[in-house]
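> generate coordinates for the sequence data below:
(2 chains, ligands or ions: 2)
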Amino acid sequence: MSATFEQTSSDMAGLAPDRRRRRRRDTATALAFLAPFLLLLLIFQYLPLAMMAKNSVLDYSLLNPHAAKFVGLRNFTDMLDYEDMRESLAATFLFALGVVVIVIPLGFALALFLNSKLRARGLVRTIIMLPVVTSAVVVATMWNFLLDPSNGLLNGVITALGLPRQPFLTSPDQALLMVSIMTAWQQVGFAAILFLGGLQGVPNELAEAARIDGATKRQVLWNITIPLLSRTTLFVVVIMTVFSLQAFAPAFLMTDGGPRDSTNLIVYHIYKTAFVMQNAGYASALSLVLLVIVLGISLLQMWILRARWNY
Amino acid sequence: MAQVRLASIGKTYEGATANTIRGLDLEVQDGEFLVLVGPSGCGKSTTLRMIAGLEEPTEGAIWIGNRRVDGLEPRERDIAMVFQNYALYPHMTVAQNMSFGLRLAKVPKPEIRRRVEAAAETLGLSALLGRHPKALSGGQRQRVAMGRAIVREPGVFLFDEPLSNLDAQLRGQMRAEIRRLHDRLSATTVYVTHDQVEAMTLADRVVVLKDGRIEQQGTPQELYDRPATRFVAGFLGSPQMNFLAGEVRQGALDLGAGLVLALPPGHALAEGRKLDVGIRPEAFAVAAPGAAILSPRADLVELLGATSLVHFSHADQPCTALVPPAQAPRAGAVIGLTLAPDRISLFDAETGRAV
Ligand SMILES: Nc1ncnc2c1ncn2[C@@H]1O[C@H](COP(=O)(O)OP(=O)(O)OP(=O)(O)O)[C@@H](O)[C@H]1O
Ligand SMILES: [Mg+2]
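Ligands and ions are numbered 1, 2, ... in the order given. Below you'll find the model as predicted:
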């Protein structure tokens, strides 16, 4: 990286004027091509971000924007003084943990299955990718039907087996788990595709060498395949965590954050703070904190990947 | 230690139209160094992988020692294998790579240490035990792959073109090293290569495969001196044997363009029979103008240092002679050559079999 950079800059120094002019023209062309996208990025990403940063130090309501008033860091000290952010983050991380814990082994198992010499491979691949590309709203609505305490399909099955009816989304003990399971179900195909990519990068010869060294299929899996997929696994964990931290639809469409705030996911909490409680300043501050958390996770991932497992 | 026996082995890959191996019978003696050679795609790797248990034969039986092993897992066969691309475990150090099999077999730790250190010593890897494969050169990786096989102390060693990724000099070194190791361990070895120099130098016995069948087997010298077919003759020896079209005329061998040789001793051949006449490049000798039996014009002269290769054509067929550099002509000059009748091989022009 640095070597190529040095090379380019030394090239630049030695360039004849007309070649330098051509290079400048190339840069202008590149910028022209990028401009529409950069403009969109600016308008829809960075401008709102800057506004959010500004709002985070205001006491500000969307109903009466003109009454906004500067409050310094009070929105942030409020987060420490009140329980809402801590509780919401705790629920969100628990939710993310649930998703990750379900998605990783299942996604990996599915990938192994897809990587084997399977006849119906294409079909299975389509089946598991379908939930991924289906709108979260559709998925949430569908699971609402499934999990309905009185008429739901799942309770139908459970009672048919002679077991007691379950409250699912209406129980503070079960709602978060159910929402995690639903999200995991939706995302497992994506994880499987990522794992499949990783698996296909592991040379077949390594498994063969290990089998000759005396490994059973299971030992090959534990000693060769899984360690070699460390990078992929970390990547999937991070993607799933970040995705879960940003989940909104399940809380919005299925539980309203309840019962008793047990599924009050942070993005939904931010939404409620801004639009229901009309406290956009505090919501902005919360968003900023979430941004920092997600950024931190991504940086951690990059740092780990730079230091480890680059065979 | 063990002998290996393949009995009427056949192999057809799933979805393939033709069978890769057909009716292969092969016996490797205890402690023998057997080299499988043949052109690309003739089924060498397939044969080796069937012995290893990575492929199952479609028919026939395989014995290692006095156990029938076809159908058994590789780990039940008491074999070790060195792959062409080494197949080192990238996430393990050299020491871990070498000890992996022993750890799986639950060999006591001190014993593992002893064996790994001994093998590392032999292969000159002692200083590299803590490194990962990424940080090794090709030659070092090759040694680690060998070390991984050695520490297991298996009954049979299998090699699939282990040196083909090395440069010529390193290949020569490793060749010598492999032979030395074999002399010391005297383990039964099956070694696949398409490099005929490796075959000649390493083998106790060479098996030449062609289209999934054994074309000929024997010691390297036997195969070199008495090739059973034109194919084997052309395959072994470098530079390659020359082949000239010939015909039996009046009890002598007419090679066209005025070159007539006496039939080699012991050959009584029907008049008019068409033959392929095999002449090794070193069978030619430079002769004084009066004594020469052919005097071609040298098209190209390659100086190899110790010897020179003179390329010429005879009756429109390319031909090469190996001569001492002092006697090599310039390109374009005429050179006088003789040829001893007992140094030629005769093959039927139709079947390619030696006559
Ligand atoms: N997994 C497979 N499925 C189908 N055909 C295969 C498979 N592996 C090998 N073959 C075919 O079997 C034949 C023999 O292959 P093999 O790998 O044994 O050749 P080889 O003698 O080792 O050649 P090389 O010197 O190029 O390594 C080839 O025609 C090859 O295309
Ligand atoms: Mg091969």
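
> can we go C-alpha only for contacts and neighbour counts from here?
Fine.

> so how far is the helix or strand hosting A:L39 off the chain centroid?
In the assignment (DSSP states H and E), A:L39 maps to helix A:17-41. Taking the mean of its C-alpha atoms, helix A:17-41 sits 33 Å from the chain's own mean (Cα atoms, centre = their mean, to the nearest Å).

> flag every buried residue along that helix.
By neighbour count, and taking 16 or more other Cα atoms under 10 Å in any protein chain shown as the criterion, helix A:17-41 has no buried residues at all.

> so after it, what's the next helix or strand?
Heading C-terminal from helix A:17-41, the first helix or strand you meet, by DSSP H and E, is helix A:47-55.

> that next one vs helix A:17-41, what angle?
With axes from the mean of the first three to the mean of the last three Cα atoms, to 10 degrees applied, the angle from helix A:47-55 to helix A:17-41 works out at 60 degrees.

> in its sheet, what does the helix or strand following helix A:47-55 sit against?
Once the chain leaves helix A:47-55, the next helix or strand it forms, by DSSP H and E, is strand A:58-59. Neighbouring strands of strand A:58-59 in its sheet, by DSSP bridges, are strand A:69-70 (antiparallel).

> helix or strand: which one has the spatially closest residue to A:L265 that is not a sequence neighbour?
For A:L265, ignoring the flanking residues on the chain, the nearest one in space by Cα to Cα, 6 or more residues apart in numbering or on different chains is A:T92 at 4.9 Å. Secondary structure assigned from DSSP H and E places A:T92 in helix A:84-115.

> quick one: B:V248 and B:E222, what's the gap?
The span separating B:V248 from B:E222 equals 26 Å under the rule Cα to Cα, to the nearest Å.

> which one's more surrounded, those two?
Between B:V248 and B:E222, counted using other Cα atoms under 10 Å in any protein chain shown, B:V248 has the larger neighbour count: 21 against 13.

> which SS state does the residue of the stretch 1-150 of chain B found nearest chain A fall under?
Closest approach of the stretch 1-150 of chain B to chain A (Cα to the nearest Cα) occurs at B:R75, with a separation of 4.1 Å. What DSSP: H, G, I helix; E, B strand; the rest coil gives for B:R75 is helix.

> report pLDDT for the closest residue to ligand 1 within the stretch 151-300 of chain B.
When scored by Cα to the nearest ligand atom, the stretch 151-300 of chain B has B:H194 as its residue closest to ligand 1, at 5.9 Å. pLDDT, B:H194: 86.

> what does chain B put close to chain A?
Proximity of chain B to chain A is confined to B:52, B:54, B:74-76, B:79-81, B:83, B:87-91, B:100-101, B:104-105, B:134 under the rule Cα under 8 Å from any Cα of the partner chain.

> among those residues, which ones are buried?
The neighbour count (16+ other Cα under 10 Å) marks B:52, B:54, B:74-75, B:79-81, B:83, B:87-91, B:100-101 as buried among the residues of chain B next to chain A.

> what segments of the stretch 251-355 of chain B are strands?
Under the criterion DSSP state E, counting those that start in this stretch, the stretch 251-355 of chain B carries strands at the ranges B:252-254, B:260-262, B:274-279, B:284-286, B:300-303, B:308-314, B:317-323, B:337-339, B:344-348.

> what's the burial count for the residue of the stretch 151-300 of chain B found nearest chain A?
In the stretch 151-300 of chain B, no residue comes nearer to chain A than B:R152, which is 8.0 Å away by Cα to the nearest Cα. Each residue near B:R152 was counted by other Cα under 10 Å, and the total is 22.

> contacts for the one helix or strand B:R171 maps to, please.
Taking DSSP H and E as the definition, one finds B:R171 inside helix B:168-185. For helix B:168-185, contacts defined as Cα atoms under 8 Å, 6 or more residues apart in numbering or on different chains pick out B:33, B:139, B:163-164, B:198, B:202.

> helix or strand for whichever residue of the stretch 51-200 of chain A sits closest to ligand 1, which one?
Distances from the stretch 51-200 of chain A to ligand 1, computed as Cα to the nearest ligand atom, single out A:K117 as the nearest residue at 12.1 Å. Secondary-structure assignment from DSSP H and E places A:K117 in no helical or strand segment.

> show me the contacts for the residue of the stretch 201-311 of chain A found nearest chain B.
Using Cα to the nearest Cα, the single residue of the stretch 201-311 of chain A nearest to chain B is A:G214, 4.1 Å away. Taking Cα under 8 Å, 6+ apart as the criterion, A:G214 is in contact with B:74-76, B:101, B:104-105.

> work out which residue lies at the spatial centre of chain B.
Most central residue of chain B, judged by C-alpha distance to the mean C-alpha position with Cα atoms, centre = their mean, is B:A199 at 3.0 Å.

> thinking again about what came up before, from the contacts of helix B:168-185, which is closest to B:L300?
B:E198 (27.9 Å; Cα to Cα).

> what comes up buried for the host helix or strand of that closest one?
Remark: B:E198 resides in helix B:196-202, with elements defined by DSSP H and E. Along helix B:196-202, the positions that meet the burial threshold by neighbour count (16+ other Cα under 10 Å) are B:196, B:198-200, B:202.

> that helix vs ligand 1: in contact?
No. If you take Cα under 6 Å from any ligand atom as the test, helix B:196-202 misses ligand 1, and the best it gets is 11.9 Å.

> show me what that helix is in contact with.
Taking Cα under 8 Å, 6+ apart as the criterion, the residues outside helix B:196-202 that touch it are B:33, B:35-37, B:175, B:179, B:193, B:206, B:220-221, B:235-238.

> could you do stretch B:9-22 as well?
For stretch B:9-22, the surrounding residues in contact (Cα under 8 Å, 6+ apart) are B:8, B:23-25, B:42-43, B:46-47, B:56-62, B:211-213.

> now with 10 Å, please.
Residues lying outside stretch B:9-22 but in contact with it, judged by Cα atoms under 10 Å, 6 or more residues apart in numbering or on different chains, are B:8, B:23-26, B:41-44, B:46-47, B:50, B:55-62, B:209-214.

> quick one, what contacts the residue in the stretch 251-355 of chain B positioned nearest to chain A?
Ranked by Cα to the nearest Cα, the top residue of the stretch 251-355 of chain B for proximity to chain A is B:G352, at 38.2 Å. The contact partners of B:G352, by Cα under 10 Å, 6+ apart, come to B:228-232, B:275-276, B:346.

> the residues you listed also near ligand 1: which ones?
By Cα under 6 Å from any ligand atom, no member of those lies near ligand 1.

> tabulate those residues (TSV), appending pLDDT.
What follows is the contacts of B:G352, written out as TSV (pLDDT from 0 to 100):
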residue	pLDDT
B:A228	93
B:T229	94
B:R230	94
B:F231	93
B:V232	93
B:L275	92
B:D276	93
B:L346	91
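
> give the contact list for the closest residue to B:V301 other than its chain neighbours.
Leaving out its chain neighbours, the residue that sits closest to B:V301 by Cα to Cα, 6+ apart is B:V310, at 4.6 Å. The neighbours of B:V310, taking Cα under 10 Å, 6+ apart as the test, are B:281, B:297-303, B:319-323, B:325, B:328-331, B:335.

> just the buried ones from those, in ChimeraX syntax?
In ChimeraX syntax, the buried subset of the contacts of B:V310 is picked out as below (16+ other Cα under 10 Å):
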select /B:281,297,298,299,300,301,319,320,321,322,323,325,328,329,331,335
